[in-house]
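S.K.: 3D model of this:
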Amino acid sequence: MELVRAESLNQAVAEIFGAQVRIDGQRPVYGGDINESRRLELSDGSSLFMKSNRITNLGFFEEEAKGLSALRQTGTIGVPQVLGIGTIENLGKSFLMLEYLEAAPRVSGYWEIFGRELAAMHRADSAPFAAADRGLPFGFEMDNYIGATPQFNSPRAGWIEFFRDCRLAPQMKRADRYMNGRMRKQCEWLLGHLGSYLVEPEFPSLIHGDLWSGNAVCGPDGKAWILDPAAYVGHFEAELAMTELFGGFAPAFYESYRENNPIDSGYRDRKDLYNLYHMLNHLNLFGVSYLGSVQRILTKYVG
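M.R.: Okay, here's the model as predicted:
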């Protein structure tokens, strides 16, 4: 999508939707803690969802737009359409405009459908989103963010190599200020022995990357839609582990998922290791309250 540079919101809307369209109203949308979010009501009767931040954060929106477009391209699950991205120069703002999701009542079998559609996304062809043509099927076409933390997606030939180099190692390096000597040794040992715990997947999967209950909403069709991705091509087990981290989804979601994409029995033993990445990220973002969780996972695998 071509980047829009405008002097006002109305100019941005006109460049994206046509000169006859203007903003008739706007109101804040609450829930996020990184960006300012608003619902814009347009003169043609439609609405859109807009995130904005400092102009220096334009790259954040470019990467989010790329992730949303990739997930949407699979045609398997509800993902909001990217409508526009750009800057409002005189305000020093960058923005991302998405279709507005009007919530409808949940359809019957909401969780079963969610599990089936996510399984279909994980089984979709992931080759267009990494560097499979060069024998590097894991990663993504650009780096992005996990929350407010940079996430590195340099393509790798193997999943274990990718998870070590692009997930655990950078977060461990960032978290060094919280660690004592024992934890540093545990981290070093774990990075050198990941192959003793993780397995290479049967096939690479495009995954959302930050899928918890706050990033799944009921959309206009009454089914689950996913948003705010940290997308990359990896092992679908890492996605499932994240869904279980903060309370999890309904049991029917997991039952349906298994029916449509079988899960190896060893996943239960690997789950906490995948979530070490997210616990380290929370430690780096929010501080020492997450140190105990990181210590428990390290001790589980290293002793």
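
S.K.: Ala19: neighbouring residues, count only.
M.R.: 9 (other Cβ atoms under 10 Å). (Glycine included, C-beta is placed from N, CA and C.)

S.K.: make that Arg123, sorry
M.R.: 16.

S.K.: run through the residues that contact it.
M.R.: By Cβ atoms under 8 Å, 6 or more residues apart in numbering, the residues touching Arg123 are 203, 205, 260-261.

S.K.: and the gap between it and Arg116?
M.R.: Applying Cβ to Cβ, to the nearest Å, the value for Arg123 to Arg116 is 11 Å.

S.K.: now the common contact residues for the two.
M.R.: Asn260.

S.K.: sorry, back to before: which of the contacts of Arg123 ranks first by neighbour count?
M.R.: So for the contacts of Arg123 (other Cβ under 10 Å), the most neighbours sit at Ser205, 23 neighbours.

S.K.: what residues are up against that residue?
M.R.: Neighbours of Ser205 in contact, by Cβ under 8 Å, 6+ apart: 121-124, 126, 233-236, 239.

S.K.: ok, what's across the strand from it?
M.R.: Gly234 (DSSP bridges).

S.K.: quick check: it vs Gln26, distance?
M.R.: Look at Ser205 and Gln26: by Cβ to Cβ, they are 38 Å apart.

S.K.: go on, Val79?
M.R.: 24 Å.

S.K.: pick out whichever of those two has more residues nearby.
M.R.: With neighbours defined as other Cβ under 10 Å, Val79 and Gln26 compare such that Val79 has more, 24 against 15.

S.K.: spit out the contact partners of Ala103.
M.R.: 217-220.

S.K.: from the residues you listed, which would you call buried?
M.R.: Among those, those buried by neighbour count (16 or more other Cβ atoms under 10 Å) are 217-219.

S.K.: would TSV of those residues with secondary structure and distance to Gly303 be doable?
M.R.: Below are those laid out as TSV (DSSP: H, G, I helix; E, B strand; the rest coil; distance: Cβ to Cβ, whole Å):
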residue	secondary structure	distance to Gly303
Val217	strand	41
Cys218	strand	43
Gly219	coil	45
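
S.K.: show me which of these is closest to Arg268.
M.R.: Val217 (28.2 Å; Cβ to Cβ).

S.K.: kindly check the end-to-end length of stretch 143-156 for me.
M.R.: End-to-end distance of stretch 143-156: 13 Å, with Cα to Cα, to the nearest Å as the criterion.

S.K.: now do it: distance to the chain's middle.
M.R.: Stretch 143-156 sits 10 Å away from the centroid of its parent chain (Cα atoms, centre = their mean, to the nearest Å).

S.K.: tell me the buried residues in it?
M.R.: So, applying 16+ other Cβ under 10 Å, buried residues of stretch 143-156: 144-147, 151, 153, 155-156.

S.K.: then stretch 254-271?
M.R.: By 16+ other Cβ under 10 Å, the buried positions in stretch 254-271 come out as 254, 256-257, 261, 270-271.

S.K.: also stretch 111-127?
M.R.: For stretch 111-127, burial by neighbour count (16+ other Cβ under 10 Å) applies to 111-124, 126.

S.K.: kindly report the same for stretch 89-103.
M.R.: Neighbour-count burial for stretch 89-103 flags 93-101 (criterion: 16+ other Cβ under 10 Å).

S.K.: next, format those residues as a markdown table and append pLDDT.
M.R.: Formatted as a markdown table, the buried residues of stretch 89-103 follow (pLDDT from 0 to 100):
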| residue | pLDDT |
| --- | --- |
| Lys93 | 93 |
| Ser94 | 94 |
| Phe95 | 93 |
| Leu96 | 95 |
| Met97 | 94 |
| Leu98 | 95 |
| Glu99 | 95 |
| Tyr100 | 95 |
| Leu101 | 95 |
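
S.K.: filter those residues down to the ones in strands?
M.R.: Residues of those located in strands (DSSP state E): 93-99.
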